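S.K.: Following is a predicted model, sequence given first.
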Amino acid sequence: MKILSFLAMMILLISSLLILILNICSKKNFIDREKSSPFECGFDPKSAARLPFSLHFFLIAIIFLIFDVEITLLLPMIPSMTISNIFSYTYIIAFFLLILLIGLYHEWNQGALDWTSS
Amino acid sequence: MYFKDLYMMFLSSLLLMICVLVGVAFLTLLERKVLGYIQIRKGPNKVGLIGLIQPFSDAIKLFTKEQNYPLMSNFNLYYFSPVLNFFLSLFLWMCMPFITVNLNFNLSVLFFLSVSSLGVYTIMLAGWSSNSNYALLGSLRSVAQTISYEVSMALILLSFLILILSVNLLDFIKYQENVWFLFFMLPLVFMWVVTSLAETNRTPFDFAEGESELVSGFNVEYSSGSFAMIFLAEYSSILFMSMICCLLFLGSNLFSLFFFLKLVFVSFFWIWVRGTLPRFRYDKLMYLAWKIYLPVSLNCLYFFFSIKLFIFIFFL
């Protein structure tokens, strides 16, 4: 862990060196009102860029959260297979995956996975 | 003793980083050449010897261009999210399996999953902080796509891992000495390739930069060096994904030259796909992730778990 954080610091050093090089190299600069406004294909920006938000993406993120938690519960099953009681292990795996599958089909049936609401 | 080990580790990982960056540079050259020949024209062939130093001149050009700062952007986030993106995609290379001098962790698959899912945040921040409608839309699409393919990617990975009963990438070498995983997990392999194409935002699924509707996706406002960093991060993640493909099901003997030839072939495959297939549709992409790949990979996981338990109980 310590070594990994050392290496992470080294890579951060490389990337900040890169941005230092960038700041030294890119000296060309002239200021224009149109250039510093957000790019919208030649038009003036019409609406605020941070307000529009589709609820679909949020719902997808919530479903993702559930499945990610399930994956984190599944991942320790792999190293623990050889060291656990194989009978109870089989039962746990079978029921857990069954619950996952039935939950997915239930979401599908209730229409949570539909992208376009028709 | 300890200090010498640390020194060697720093040196080898620095070497790895530099080689990854040079490899990324030549990967972009390969992409331009291959795309050129697919469209019956020559790619870059003037700079240096037959265009060999084109990527370096591109880098110099990009870094000496002007960097512009949009007026209403959140400056710090806008400035540092490409750096963070670049950092994460290089940090991902730390879990490349080495036997001796570099890191060799037992949980390298977990490291790969967690660091690759961190990459979502930088894209989201880059799109949000640049205060442009196109950038925000592009980042939303890209984040939703990456997130939904990550679930099925982890599940496919799990059914590979249950066969080798370990979360160490190095163990794939032992289990594929005689037969590649390609041959007895063929449908899963296809699903893995498509999922990693979607995960790296490559062409049939490149909704992050749909040129026809969003100008360039989440990196519209970026210019010069920060754009170069996003670009480098994307291509190094492509190289990393093709390395993972080679490790998972293409033999994965890391200590032969053939492994690296396979790596080049898989990254050529990425470019080939870009030159061949048209863009998908976004709702179809979401249906592909949630309604096809997720149930199929869960069922495959059930199947492989039961096969493993069968072998484990009756033959070991």
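M.R.: Right, received. Where do you want to start?

S.K.: can you map out the helices along the stretch 1-150 of chain B?
M.R.: B:2-38, B:54-64, B:75-91, B:108-129, B:133-164 (DSSP state H, counting those that start in this stretch).

S.K.: Only the buried residues of the longest one, if you could.
M.R.: Right, helix B:2-38. For helix B:2-38, the neighbour count (16 or more other C-beta atoms under 10 Å in any protein chain shown) marks B:9-10, B:13, B:16-17, B:20-21, B:23-25, B:27-34, B:36 as buried. C-beta: built from backbone N, CA, C; applies to glycine.

S.K.: And for the third one?
M.R.: Of the residues in helix B:75-91, B:78, B:80-91 count as buried by neighbour count, 16+ other C-beta under 10 Å.

S.K.: before we move on, what about the second one?
M.R.: Using 16+ other C-beta under 10 Å as the burial criterion, the residues of helix B:54-64 that qualify are B:54-55, B:58-59, B:62-63.

S.K.: now swap in stretch A:17-29 and tell me
M.R.: Result for stretch A:17-29 [16+ other C-beta under 10 Å]: buried residues A:18-19, A:22, A:25-26.

S.K.: Name the residue of chain A that lies nearest to chain B.
M.R.: residue A:22 (3.2 Å; C-beta to the nearest C-beta).

S.K.: Where does that residue fall, secondary structure wise?
M.R.: helix A:2-25 (DSSP states H and E).

S.K.: before we move on, what about residue A:95?
M.R.: Here residue A:95 is assigned to helix A:86-110, by DSSP H and E.

S.K.: Please apply the same query to residue A:48.
M.R.: Under the criterion DSSP H and E, no helix or strand holds residue A:48.

S.K.: How many neighbouring residues does it have?
M.R.: Neighbour count of residue A:48, defined by other C-beta atoms under 10 Å in any protein chain shown: 10.

S.K.: so which of the buried residues of helix B:75-91 would you say is closest to residue B:104?
M.R.: Nearest to residue B:104, judged by C-beta to C-beta, of the buried residues of helix B:75-91 is residue B:91 at 16.2 Å.

S.K.: how close does that closest one sit to residue A:14?
M.R.: According to C-beta to C-beta, to the nearest Å, residue B:91 stands 10 Å off from residue A:14.

S.K.: who's in contact with residue 67?
M.R.: Let's take chain A. B:151, B:294 (C-beta atoms under 8 Å, 6 or more residues apart in numbering or on different chains).

S.K.: not quite, I wanted chain B
M.R.: Per C-beta under 8 Å, 6+ apart, neighbours of residue B:67: A:22, A:26, B:223-226.

S.K.: now swap in residue B:197 and tell me
M.R.: Contacts of residue B:197 (C-beta under 8 Å, 6+ apart): B:203-205, B:270, B:273.

S.K.: Check those and tell me the two furthest apart.
M.R.: B:205 and B:270 (11.9 Å).

S.K.: Would you mind telling me which of the two has the busier surroundings?
M.R.: Each of residue B:205 and residue B:270 has its neighbours counted (other C-beta under 10 Å); residue B:205 has more, 26 against 22.

S.K.: The buried residues of helix B:2-38 also near chain A: which ones?
M.R.: Filtering those for proximity to chain A (criterion: C-beta under 8 Å from any C-beta of the partner chain) leaves B:9-10, B:13, B:17.

S.K.: Show the low-confidence segments of the stretch 1-150 of chain B, by residue range.
M.R.: B:1, B:101 (pLDDT under 70).

S.K.: So what touches the helix holding residue A:22?
M.R.: B:6, B:9-10, B:13-14, B:17, B:63-64, B:67, B:83, B:86-87, B:90-91, B:94, B:103, B:105, B:224-226, B:228-229.

S.K.: Kindly provide the distance from the closest residue to residue B:62 other than its chain neighbours to residue A:25.
M.R.: The shortest distance from residue B:62 to any non-neighbouring residue, by C-beta to C-beta, 6 or more residues apart in numbering or on different chains, is to residue B:228 (4.3 Å). Using C-beta to C-beta, residue B:228 is found at 11 Å from residue A:25.

S.K.: if I look at the two, which residues touch both of them?
M.R.: residue B:63.

S.K.: what helix or strand does the residue positioned nearest the centre of chain B sit in?
M.R.: Central residue of chain B (C-alpha atoms, centre = their mean): residue B:237, 3.0 Å from the mean position. Counting by DSSP H and E, the element that carries residue B:237 is helix B:224-249.

S.K.: Now do that helix against helix B:54-64, angle only.
M.R.: 140 degrees (axes from the mean of the first three to the mean of the last three C-alpha atoms, to 10 degrees).

S.K.: count of neighbours near the closest residue to chain A within the stretch 151-300 of chain B?
M.R.: Closest to chain A within the stretch 151-300 of chain B is residue B:225: 3.2 Å, counting by C-beta to the nearest C-beta. Neighbours of residue B:225 under the rule other C-beta under 10 Å: 23.

S.K.: Hmm, it is touching residue B:60, no?
M.R.: No. Counting by C-beta atoms under 8 Å, residue B:225 does not reach residue B:60; the two are 10.9 Å apart.

S.K.: if we look at stretch B:91-109, which residues are touching it?
M.R.: Here stretch B:91-109 has contacts from A:3-4, A:7-8, A:11, B:8-9, B:11-13, B:16-17, B:20, B:111-112, B:115-116, B:157, B:161, B:166-170, B:173, B:236-237, B:240, B:243, B:247, B:254-255, using C-beta under 8 Å, 6+ apart.

S.K.: Now the residue of chain A most remote from its centre. Nearest residue, chain neighbours left out?
M.R.: Going by C-alpha atoms, centre = their mean, the residue of chain A most distant from its centre is residue A:30, 37.1 Å out. Spatially, and ignoring its direct neighbours in sequence, residue A:30 is nearest to residue B:66 (7.8 Å; C-beta to C-beta, 6+ apart).

S.K.: What residues does that neighbour make contact with?
M.R.: Taking C-beta under 8 Å, 6+ apart, we find residue B:66 in contact with A:26, A:28-30, B:223-224.

S.K.: next one: residue B:23
M.R.: residue B:239.

S.K.: what does residue A:116 give?
M.R.: residue B:283.

S.K.: Now do it against residue B:164, distance only.
M.R.: 40 Å.

S.K.: Among the helices of the stretch 1-150 of chain B, which comes closest to residue A:65?
M.R.: Nearest of those to residue A:65, taken as C-beta to C-beta: helix B:133-164 at 9.0 Å.

S.K.: Cool, thanks, signing off.
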